[in-house]
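In: When you get a sec, could you give me coordinates for this:
(3 chains)
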Amino acid sequence: MSEVKKDVTQEKNEEVDSILNELEALAKVVAPCLECTTCASACPVFQSDSQRNPRRLLNRLGRREFEGLLDEVDFWWCGACYSCEAHCPQGVPLAHVFFRLKNLAFHTGKPIPKLVLRTGETLRSGFLIPVKKEITEKRHALGLPDPVCPDTKEIETLLDATGFSGRIIQSRKLD
Amino acid sequence: MDRTPTTRFAIFWGCTIPLRLPWIEVAARKVLPKLGIEMKDLPFSCCPDPIASKALDHTTWLSLAARNLALAEEKKYDILTLCSGCFETLKIAQSELQDKAIKKSINDILKPIGREYQGSIRVFHIVQWLYEEYGLENLRQMVTHPLTFRVATHTGCHYMRPADILHTDDPVYPEQLDELCEVLGLEPVDYPDKNLCCGVGVGLVDRDITQELILRKIEGVHRAKAEALVAHCPSCIQTYDAGQMMLYKSRTASITPVPVFHYLELLGLAMGLNANAFAFEEHRIPIPEPAVRI
Amino acid sequence: MSRPESNIRIGVFLCGCGRNIAATVDIDKVAEKAKTLDDVVFVDTNKYSCSETGQASIRNAIRENKLNRVVVASCSPKLHLETFKATTVSAGVNPYLFEMANIREHCSWVHMHEPVQATEKAFELVEMAVAKARLLEPQTEPKVHITPKAMVIGGGVAGIQASLDMADAGYQVYLVEKSPTIGGIMAVLDKTFPTMDCSICILGPKMSDVKSHPNITLMAYSEVKEIKGYVGNFKAKILRKARYVTEDCTACDECTSVCPISVPNEVDGHLSWRKAIYMPFPQAVPSQFLIDTEHCHGVNPISCGKCRDVCREKGADCINYDDQDRVEEIEIGTIVVATGFKPFDAARIPEYGWGRYPNVLNTLEFERLFNASGPTEGHLVRPSDMEQPKRVAFIQCVGSRDQRFNAYCSNFCCLETIKSTLLIKEHWPETEITVFYIDIRAFGKGFEELYHRAREEGVRFIRGRPSQIQEEPETHNLRVFVEDQNENRFISPEFDMVVLSIGADAPDPDVVPIPLPRGADGFLLEAHPKLKPVDTASRGIFIAGGVESPKDIKESVTQASAASIRAAQLMAKGEVRIEPIFAEVDASRCTSCGTCTTRCPYGAITIQEKKVTPAVVNQALCEGCGTCAADCPEDCIRMRHFTDEQILEQVRAGLKNHPENKVLVFACTFCSYGGADLAGVSRMQYPTNGRVIRTMCAGRVDPDFVYEAFQLGAGAVALTGCHPQDCHFISGNRFAAKRETRIRRWLDKQGIDQERFTVEWISAGEGKKFQNMMTRMSEIAEKFAKSRKKVEKPVV
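Out: The predicted model follows:
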């Protein structure tokens, strides 16, 4: 099982094998799916909105219907709660596959949801939430010390080194 | 547990607690020392979060996580997290970094900033630590002021899933938080949608769905006649606390809001700490007086 | 080729097995090379050696060429050893002068993309077989008497059928059942599918027949504690548990009205109560009460005594507080194991709420509710408020087809549910019934028709597997969360009652007091999946019913009758030939240290006076595992047909060429060799480095064999055998495991990398495990071979 997950989440070099190879590998990962619907039954997003069905998207992957798959925006609706994986009787790691599809979408310049993009941009400061005057004042009022911040130079160096910063700048917004 | 639990920790606060919900930090700084925990602050960054950041670039996500782990490792501290998201991120990162090839490539990325991760430290979540290391029996002995109201527990998702890496509680029907509440004298109730995700993850693309999920959870709490919701993940707490406020502003139907506690607040009160020791006034949903027995 | 100094004349017969072997292995090439081997005077190839023509050609060749040793290189000996032994006999040669080389399951089928190496390997396997054949000696098979009595363990429908069949054939049968009554699961069901017969009505007469049959001794409320012996000559110790009620009991029921203790009734799935003195159900056989001492105040007049008092008052006096457990010993010739499966425990799936929500039931509880002699006399009511449910849901595949619990399909659950829906509709047609399923498996006779009837009656079938069940706190109604796949939408319909269609769990590990091999799914393993469905690897022991795999009543009865005739065949012959694979002690060299006596689980080797008289082997009891021989400090025990020299010659032959690349594998006949065969049957591919040597048991493998292999330069060595609890020879693998420390110390001294030696437990059902091990060890051997090339060290 962990071997399968390593295939899914192991980051390749920027000189990525063709996207089709990646999708083919992911198709193999979802092969044990019997379309029993337990994942969808457990998915809190699908429970709220029947348009967003995790099983249907991955069945397309399993049938090798790769054309336009990364243009589908449905996989951004995965909230990463892992309920699907925990319930799947065949051990298909759905949430891992969704993460991989999101990664591929980011890498191939597909539109990214606005808030996700903004998170990526804010990451440069070291935190998800910018450290503003209001919060430091609130902390003092509560008797708390200043928040301990990371060395932003380190963070920036890291984000530049992996090419993240460059890609964030290039990414398009999904509205 | 007969063996002595680890108590020397670098505390991983994450982003949400220090920068959005500092009242949780207030509670933690009061309660954790009473459990014998030595708390060290290190210049961690965002873990990085296991939903948005992980969706973008995996190598970047893993590198930032590895840097955080390396920081603690350098100073020879195990990590104690107070956020389920941080817990999940650091544990998954540790698991992936066990692969020699991956560890090497990430360490190559960390080299220019002078960091290296070897893999010698442990990562705990506060609830895990209380349940597995400190133990229910020891906790029971610390309770001098039992609380006696009906409470609805919310364990959330990232505390125990993905189960094959985290190994904490049952992945679909967790009960550890209930047992931790019982020890305080509380009555944890079974309620509809007890194991429902708070929906913060999907809120990045569709806030309507998050609101649906919040509403379902609150309705369930009411139907089981519980007086409060108790959770331990700052993301879930923010979703329910601030989220309820936004919900009631935008809907015409009136639903009695449910106060949301962090477990450490209830633990502190049960251990005899005065209500003034905490920052209850910072909760968005007011804490009603009778619920807080001083 | 023949050698003038030797009178050994070996014939080698290569089989192409159609294309199974010939497609990968160039058998003509192997045949040519085989001609060059010492003492091989005749070589031939056949397309289908096991066929009439093939066997005839072998027979003729043996006669015409005056062969006195025969080697057939073809499939696994586990398949055709007996076939070719018979061929050899028919040609006038002793069957123990015959040896096989497995070039199919261990070669052509697992190296399908490497024909050159496979051919090379096939030749070496032939060479190894020839090496052993050279040293083979003729043996005579002693005959043993078969006791014409059978023991059936388990009194469910399979056990009942087997008992009646064998008893009707004229044999004495002991039927041993753990619970107080026979009948098993079938006795507590309401109706059976597909005919909707009343279950106990059709089983009851059979149960009575068992009780009254002159040839059947019914031992209810009894457990088999020990089984010793061998085919035809088993001795079993049965624990007869005390009932505290004599056979005079007329089941008048007076005692229950005065008993002060109420206990949850397990027969009703804990939905009702029974007293501490009770009869499981009205149709129980034996029709006799018993006292549950776990809950009774105490079987003595001081603690209570009410039941005995009232029994005496009524003039019966059949309650005996002085009853005691006792042990009975019986002698039988054959055993049929029919102990059934375990119903899946739905509490293992907490998100379905069984055990937490009163209106969530499992199949067995539902059957009892429906049963006229159940807790509600057949009225379908909800446990929470005793109201009749208007909306009922069934959830399929609970605990089955699920990697987290049982990966297999449990066979009966689909029809069980369909039957239940029809029963509800029959009595209360206005009830709304919904079945949530993944697939409907209606494979048997009459099954599809029943499925159609259910649909016609208006039962709703929704394709979707629910993720959870939630309870409405006010009403105790249940809400099922599921995707309606057809409609592609999420629904959470409300029901008054939900029935979880639970599957079968594998039998407990200690269900019989002898180790019988199990498949990877935990069920007892049949000797051959197609051709020997009710035999086990142990001669004289058969299996039938749910203990072999989940199945319904008809298939259980079928297997029971099959097992009966298999047992009767042995008993009818009156005697059976025993394989002459025993230990022999060289009395002149024996120092009477007694080590061998501690290795034998059969008590077959004994010493009258330690340090004085030599060890003596009882050939009838010796099963031939070889554990004693491997641990004898004087090396003075010889195993017939698996001598030290025979095995060592195989080692030498296997490592003759490029030993550094080779992985030498010792495999035991019943488990790991079978696992290797399964890998072949399943066409699991792995590198060609392996050379398997078959022994009867892992216990046979003397550390000296391993040392010899490494001293000859073997790249890697694997010692394989059965899983710890499953050794066919009871404890052989345990002693083999103990030798590992000694061997590893020797490896350290020799400077040999520890990873080049491995000990693995592989069952006959674990082909994948064998494949993984071979792949891993081949990599290690290749690594070693490469490193040797660099350093240019001489052979150790």
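
In: Okay, residue C:343 and residue C:352: tell me how far apart.
Out: Note on residue C:343: its distance to residue C:352, by C-beta to C-beta, to the nearest Å, is 15 Å. (C-beta placed from N, C-alpha, C; glycine too.)

In: do residue C:190 as well
Out: Noted for residue C:190: a distance of 23 Å to residue C:352, by C-beta to C-beta.

In: Compare those two (neighbour count), which wins?
Out: residue C:352 (25 against 21; other C-beta atoms under 10 Å in any protein chain shown).

In: That one reaches residue C:500, doesn't it?
Out: Yes - contact criterion C-beta atoms under 8 Å: residue C:352 and residue C:500 qualify, at 5.9 Å.

In: Find residues that contact each of the two.
Out: C:346, C:360, C:395, C:398 (C-beta atoms under 8 Å, 6 or more residues apart in numbering or on different chains).

In: from what I can see the last one touches residue C:344, true?
Out: Yes - at 6.6 Å, residue C:398 and residue C:344 qualify as touching, with contact defined as C-beta under 8 Å.

In: joint contacts of the two?
Out: With C-beta under 8 Å, 6+ apart as the test, residue C:398 and residue C:344 both reach C:502-503.

In: Please name the residues that touch residue C:472.
Out: B:192, B:223, C:478-479, C:494.

In: My error: substitute residue C:449 in the last question.
Out: Applying C-beta under 8 Å, 6+ apart, the residues near residue C:449 are residue C:194.

In: Give the buried residues for the helix or strand hosting it.
Out: Take DSSP states H and E as the rule and residue C:449 turns out to sit in helix C:447-456. For helix C:447-456, the neighbour count (16 or more other C-beta atoms under 10 Å in any protein chain shown) marks C:447, C:450-451, C:453-454 as buried.

In: and the chain, what are its domains?
Out: Let's take chain A. Domain assignment for chain A, taken from automatic domain parsing, gives A:2-110, A:113-174.

In: hm, I was asking about chain B
Out: Per the record, chain B has its domains at B:8-125, B:144-291, by automatic domain parsing.

In: hey, least reliable of those by pLDDT?
Out: Sorting the domains of chain B by mean pLDDT places domain B:144-291 lowest, at a mean of 92.

In: chain center to that one: distance?
Out: Relative to its chain's centre, domain B:144-291 lies at 11 Å (C-alpha atoms, centre = their mean, to the nearest Å).

In: wait, does it contact chain A?
Out: Yes - with C-beta under 8 Å from any C-beta of the partner chain as the criterion, chain A is reached by domain B:144-291 at B:157-158, B:161-164, B:171-172, B:196-197, B:199-206, B:208-209, B:212-213, B:279, B:282.

In: Show me which of the residues you listed are buried.
Out: B:157-158, B:161-163, B:171-172, B:196-197, B:199-206, B:209, B:212-213, B:279, B:282.

In: Please see if stretch B:54-69 touches chain A.
Out: Yes - Stretch B:54-69 lies within reach of chain A by C-beta under 8 Å from any C-beta, at B:54-60, B:62-64, B:67.

In: residue in the stretch 151-294 of chain B nearest to chain C?
Out: In the stretch 151-294 of chain B, the residue that lies nearest chain C is residue B:173 (3.7 Å; C-beta to the nearest C-beta).

In: That residue: how many residues sit nearby?
Out: Around residue B:173 there are 18 residues (other C-beta under 10 Å).

In: and it, which of the three is it?
Out: Under the three-state scheme (DSSP: H, G, I helix; E, B strand; the rest coil), the conformation of residue B:173 reads as coil.

In: Excluding chain neighbours, what is closest to it?
Out: Distances taken as C-beta to C-beta, 6 or more residues apart in numbering or on different chains place residue C:350 nearest to residue B:173, at 3.7 Å, with adjacent residues excluded.

In: is it true that the one you found touches residue B:172?
Out: Yes - using C-beta under 8 Å, residue C:350 is in contact with residue B:172, at 7.0 Å.

In: Now do the strands in chain B.
Out: For chain B, the strands defined by DSSP state E occupy B:8-12, B:38-40, B:78-81, B:123-125, B:150-154, B:187-188, B:228-231, B:260-262.

In: So what are the sheet partners of the first one and their directions?
Out: The reference is to strand B:8-12. Sheet pairing of strand B:8-12 (DSSP bridges) gives strand B:38-40 (parallel), strand B:78-81 (parallel).

In: For that strand, which residues meet the burial criterion?
Out: Buried residues in strand B:8-12, counted by 16+ other C-beta under 10 Å: B:9-12.

In: Can you tell me how far residue C:28 is from residue C:34?
Out: Counting by C-beta to C-beta - residue C:28 and residue C:34 are separated by 10 Å.

In: what does residue C:84 give?
Out: For residue C:84, the distance to residue C:34 - C-beta to C-beta - is 17 Å.

In: okay, the two: which has more neighbours?
Out: More neighbours surround residue C:34 than the other of residue C:84 and residue C:34, with 28 against 25 (other C-beta under 10 Å).

In: right, and that one touches residue C:130 too?
Out: Yes - between residue C:34 and residue C:130 there is a contact under C-beta under 8 Å: 7.5 Å.

In: what touches both of the two?
Out: Joint contacts of residue C:34 and residue C:130 (C-beta under 8 Å, 6+ apart) are C:12, C:40.

In: where do the helices sit along the stretch 651-796 of chain C?
Out: Using DSSP state H, counting those that start in this stretch, the helices of the stretch 651-796 of chain C run over C:672-681, C:703-711, C:732-750, C:767-791.

In: which residues are in contact with the shortest one?
Out: Translated: helix C:703-711. In contact with helix C:703-711 (C-beta under 8 Å, 6+ apart) are residues C:630, C:635, C:644, C:647-648, C:651-652, C:655, C:664, C:666, C:717, C:719, C:739, C:742-743, C:746-747, C:750, C:752, C:756-757, C:796.

In: For it, which residues meet the burial criterion?
Out: For helix C:703-711, by 16+ other C-beta under 10 Å, it's C:703, C:705-706, C:708-710.

In: quick one: which of those residues is nearest chain B?
Out: Out of the buried residues of helix C:703-711, the member with the shortest distance to chain B (by C-beta to the nearest C-beta) is residue C:710, at 28.9 Å.

In: What strand or helix carries the most centrally placed residue in chain A?
Out: Nearest to the geometric centre of chain A sits residue A:99, at 3.8 Å (C-alpha atoms, centre = their mean). In this assignment (DSSP H and E), residue A:99 forms part of helix A:94-107.

In: Check whether the helix or strand following that helix comes near chain B.
Out: Downstream of helix A:94-107, the next assigned helix or strand under DSSP H and E is strand A:112-113. Yes - Strand A:112-113 is in contact with chain B by C-beta under 8 Å from any C-beta, via A:112-113.

In: by contact count, what packs against strand A:112-113?
Out: Packing partners of strand A:112-113 (3 or more C-beta pairs under 8 Å, 6 or more residues apart in numbering or on different chains; DSSP states H and E): strand A:173-174.

In: let's go with 10 Å and repeat that
Out: Packing partners of strand A:112-113 (3 or more C-beta pairs under 10 Å, 6 or more residues apart in numbering or on different chains; DSSP states H and E): helix A:94-107, helix A:114-122, strand A:173-174, helix B:52-56.

In: right, so of these, which gets closest to chain C?
Out: Nearest to chain C, of the helices and strands packed on strand A:112-113 and by C-beta to the nearest C-beta, is helix A:94-107 at 12.7 Å.

In: So what's the residue count around the closest residue to residue B:71 other than its chain neighbours?
Out: Nearest residue to residue B:71, sequence neighbours excluded (C-beta to C-beta, 6+ apart): residue B:42, at 5.1 Å. Residue B:42 has 17 neighbours, counted by other C-beta under 10 Å.
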